[in-house]
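A.B. asks: model the structure of this input:
(chains A and B)
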Amino acid sequence: MSKELTSRKEDYSKWYNDIVVKADLADHSAVRGCMVIKPYGYGIWEKMQQALDKMFKDTGHVNAYFPLFIPKSLFEAEEKNAEGFAKECAVVTHYRLKTDPNNKQKLIVDPEAKLEEELVVRPTSEAIIWNTYKGWIQSYRDLPILVNQWANVVRWEMRTRLFLRTAEFLWQEGHTAHATKEEAIEETKKMLEVYADFVENWMAVPVVKGVKTANERFAGADDTYCIEAMMQDGKALQAGTSHFLGQNFAKAFDVKYVTKDNKQEYVWATSWGVSTRLMGALIMSHSDDNGLVIPPKIAPTQVVIVPIYKGDAGLEKVSKVAHEIKNKLQAKNISVKYDDRDTQRPGFKFAEHELKGVPVRIAIGERDLENGTVELARRDELSKETVSIEGIEDRIETLLNDIQTNLFNKAKARTEALTTKVDSYEEFKKVLDEKTGFVSAHWDGTPETEEKIKEETKATIRCIPLNNPQEAGVCIYSGKPSTQRVLFARAY
RNA sequence: CGGGGUGUAGCGUAGCCCGGUAUCGCGCCACAUUUGGGAUGUGGAGGUCGUCAGUUCGAAUCUGGCCACCCCGACCA
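C.D. replies: Numbers count the residues shown, from 1 in each chain, chains lettered A, B, ... in the order given. Alright, predicted model coming up:
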């Protein structure tokens, strides 16, 4: 297999696909629209999970697990939610196969084994969870419930793309129940902050925090908060959402609690999630034509050591020093891989680790042994220098932090450069086509205008930024008065 | 679901028009020489040419059906 990547300039989507496949993150499977996440890709996802899980725990949440299947009657209970997801649901109708009487090698669905009630494979779990919460909540003393689950969900998308939109994907979904509206809204916003914190400080991807318009809102939510990221090609990617669900699910599933003064009230709800789609955000934020670039804080391997030697004796001498360095780094909680495979040559390893985005590479040869040095290379800048082995662990610790910061700053600068204020529809269309990116413009606040703009330009309102400055203006489309700018973009 | 395209070894391909059992590169295996940016040489393994049927003495090649995948659109909380 050739390791050559298609360049971004040549074909951005092909480049993306190449990285996913060639950096060993994931592959197409035998199942339409479903991918195999390979060990290296899963390793990155695990790093994301670990960081997020700790953040969830630190904000008082606990993990639980709910069923994959949702009886249709429960699924349809919350009307808007059901309607929103209905057209992309996989449905289980039978529970048994049998040998085909016409061909003993084949199996057919046993028509005798039809389910009384169909089971929907969860596209999201509000229904089954709120049906369960009904049994958990009687009094204000039972609240709040702050539960998260790590799970897979299925959404039968018409067209799929590795990590960005797959028929089955992995995610976490938090589902919380509260006594008051205020508390639920506070939770919704708190989790949005957690997501923004994670995506910016761990993934080094800058985001815009905001609220979705009614059109773009989660089916069944009163408000959807989101973080939006800008990719290298000028398209936006929704990186996470946090929903204030009001009392919609409590009403649909009849979940009430008794207040301190003995009154029956419906419970207030939130849900929030991020998925393996974050892998797509990661790739499209930092990677280059040489391959993946992973921020140190979520890199499965932060430092790789490549020995350069002649013969077994040479390897032994180099290995001794390599192991010393490895131990020193590990003592600082830096994850190190010593790549002493004797089946590949150094040049091959350099290229491979570059393709896979390992943040820092150390090369040690016999020349270095004489000088007490190593060659230190950083993936983000593709630069290298010769440094003393003395104190290398501190130097690398600093370097990893520098790389983390550098990646964020570069992505931040790009996002800012790709954000443009416009005041006319002509300008709006021109920027979308020629410059791309976020376009900040006045909008009259109506779904009709939003819909028209989407039809004509394929741009959607990504969000109304939080703490958005209020300024008088006129809608670029309708010319009606507006009080604030919103962010438009073409999106993934 | 509409429009377009492609199916030949693990991957990428030539051959197809004009029918005679398949070309090349990468990768793979063995051995040797190598090892500071994707090594070289020698030898070797690997293919029911997407699938089913038809035409023919003979089909990767011609004809028809089917299937899969890709791209564009529709769709995408």
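A.B. asks: any weak-confidence spans in the stretch 1-150 of chain A?
C.D. replies: Applying pLDDT under 70 to the stretch 1-150 of chain A picks out residues A:1-3, A:105.
A.B. asks: can you give me the strands in it?
C.D. replies: All strands of the stretch 1-150 of chain A, identified by DSSP state E, counting those that start in this stretch, fall at A:26-28, A:35-37, A:62-63, A:69-71, A:91-94, A:97-100, A:103-109, A:114-121, A:145-154.
A.B. asks: out of those strands, which is closest to RNA strand B?
C.D. replies: Closest to RNA strand B of the strands of the stretch 1-150 of chain A is strand A:26-28 (CB to the nearest atom of the strand; 6.0 Å). C-beta: built from backbone N, CA, C; applies to glycine.
A.B. asks: the closest one - contacts with which helices or strands?
C.D. replies: Counting contacts by 3 or more CB pairs under 8 Å, 6 or more residues apart in numbering; DSSP states H and E, strand A:26-28 packs against helix A:12-22, strand A:35-37.
A.B. asks: 7 Å instead, please
C.D. replies: Helices and strands touching strand A:26-28, by 3 or more CB pairs under 7 Å, 6 or more residues apart in numbering; DSSP states H and E, are strand A:35-37.
A.B. asks: sorry, back to before: can you redo the strands of the stretch 1-150 of chain A as a markdown table with mean neighbour count?
C.D. replies: Shown next, in a markdown table, are the strands of the stretch 1-150 of chain A (neighbours: other CB atoms under 10 Å):
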| stretch | mean neighbour count |
| --- | --- |
| strand A:26-28 | 17 |
| strand A:35-37 | 19 |
| strand A:62-63 | 12 |
| strand A:69-71 | 20 |
| strand A:91-94 | 12 |
| strand A:97-100 | 12 |
| strand A:103-109 | 10 |
| strand A:114-121 | 15 |
| strand A:145-154 | 18 |
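A.B. asks: how many neighbours does whichever residue of the stretch 101-250 of chain A sits closest to RNA strand B have?
C.D. replies: Relative to RNA strand B, the nearest point of the stretch 101-250 of chain A is residue A:218 (3.0 Å; CB to the nearest atom of the strand). A total of 25 residues lie near residue A:218 under the criterion other CB atoms under 10 Å.
A.B. asks: pretty sure it contacts residue A:243?
C.D. replies: Yes. Assessed by CB atoms under 7 Å, residue A:218 is found in contact with residue A:243 at 4.7 Å.
A.B. asks: joint contacts of these two?
C.D. replies: Contact criterion CB atoms under 7 Å, 6 or more residues apart in numbering; residues shared by residue A:218 and residue A:243: residue A:224.
A.B. asks: residue A:238 bridge partners, please.
C.D. replies: residue A:228 (DSSP bridges).
A.B. asks: quick one, what contacts it?
C.D. replies: Per CB under 7 Å, 6+ apart, neighbours of residue A:238: A:226, A:228, A:491.
A.B. asks: which of those residues has the most neighbours?
C.D. replies: Going by other CB under 10 Å, residue A:226 tops these with 24 neighbours.
A.B. asks: the residue lying closest to that residue once chain neighbours are set aside: neighbour count?
C.D. replies: Excluding its sequence neighbours, the residue lying closest to residue A:226 (CB to CB, 6 or more residues apart in numbering) is residue A:241, at 4.8 Å. Residue A:241: 23 surrounding residues under other CB under 10 Å.
A.B. asks: got it, and residue A:340?
C.D. replies: 15.
A.B. asks: can you pull the contacts of it?
C.D. replies: Residue A:340 sits next to A:307, A:315, A:319 when contact means CB under 7 Å, 6+ apart.
A.B. asks: quick one: it from residue A:322, how far?
C.D. replies: Distance, residue A:340 to residue A:322, by CB to CB, to the nearest Å: 7 Å.
A.B. asks: anything in contact with each of these two?
C.D. replies: By CB under 7 Å, 6+ apart, residue A:340 and residue A:322 have these common neighbours: residue A:307.
A.B. asks: count of neighbours near residue A:307?
C.D. replies: Number of residues near residue A:307 (other CB under 10 Å) recorded here: 25.
A.B. asks: might you report the residue contacts of it?
C.D. replies: If you count contacts by CB under 7 Å, 6+ apart, residue A:307 has them with A:315, A:318, A:319, A:322, A:340, A:364.
A.B. asks: pLDDT score for the residue of the stretch 101-250 of chain A closest to RNA strand B?
C.D. replies: Listed pLDDT for residue A:218 reads 94.
A.B. asks: residue A:258 - how many residues pack around it?
C.D. replies: For residue A:258, the number of neighbouring residues by other CB under 10 Å comes to 15.
A.B. asks: for residue A:413, what are phi and psi?
C.D. replies: phi -60, psi -40 (degrees, to the nearest 10).
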